[in-house]
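> Got a predicted model here, sequence first, then my questions.
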Amino acid sequence: MKIVAVGSKEICIGLRLAGVKEFHHREDIKDMTGLVEGLLKREDIGIIIIDDGSFSMLNWALKKRIETIAKPSIVAVPDYGSTTVESESLDVLVRRALGFDLKKKG
């Protein structure tokens, strides 16, 4: 299964150094929703890593669909240079990646 990166050139370069072989630069993409929908249809992809800036470009229907699918896993990471990572966004990131909430209630 492949890992695919979608995001800024800086994010893609960093993930390329980490071994990701397929990536799509946000600056080169005119239809982010169309690209991600196409990636979701591919059987060879196991994980899609997308930065927050690219994720925010998706339409609301696709964002809702992403929350419910199990494969491929979609992991949103903070944009390059982002200095604020809220604990709530980290919880959402983990929940989206794993498909369930790790926090124990009560």
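In hand now; what should we look at?
> Listing request: residues of the chain with sub-threshold pLDDT.
80-106 (pLDDT under 70).
> in it, which spans are helices?
Using DSSP state H, the helices found in the chain span residues 9-17, 32-41, 52-55, 60-68, 87-98.
> Any chance of CSV for the ones you listed, columns distance to Ile3 and mean neighbour count?
Glycine gets a C-beta too; all of them are placed from N, C-alpha and C. Shown next, in CSV, are those (distance: least, CB to CB, whole Å; neighbours: other CB atoms under 10 Å):
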stretch, distance to Ile3, mean neighbour count
helix 9-17, 8, 16
helix 32-41, 11, 16
helix 52-55, 15, 20
helix 60-68, 16, 12
helix 87-98, 12, 13
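> Now distance to Asp79 too, for the ones you listed, in CSV please.
Formatted as CSV, those follow (distance: least, CB to CB, whole Å):
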stretch, distance to Asp79
helix 9-17, 7
helix 32-41, 14
helix 52-55, 5
helix 60-68, 17
helix 87-98, 12
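> Of all the ones you listed, which one is nearest Ile74?
Proximity to Ile74 (CB to CB) singles out helix 60-68 among these, at 5.1 Å.
> now for the closest one, which elements pack on it?
Helix 60-68 sits against helix 32-41, with contacts defined as 3 or more CB pairs under 8 Å, 6 or more residues apart in numbering; DSSP states H and E.
> Next, work out how far apart the most centrally placed residue in the chain and Leu40 are.
Centrality entry for the chain: nearest residue to the mean C-alpha point is Ile50, 2.9 Å, by CA atoms, centre = their mean. Ile50 is 11 Å from Leu40, where distance means CB to CB, to the nearest Å.
> repeat for Leu17
Plainly put, Leu17 is 26 Å away from Leu40 if you go by CB to CB.
> That's all I had, so thanks and see you.
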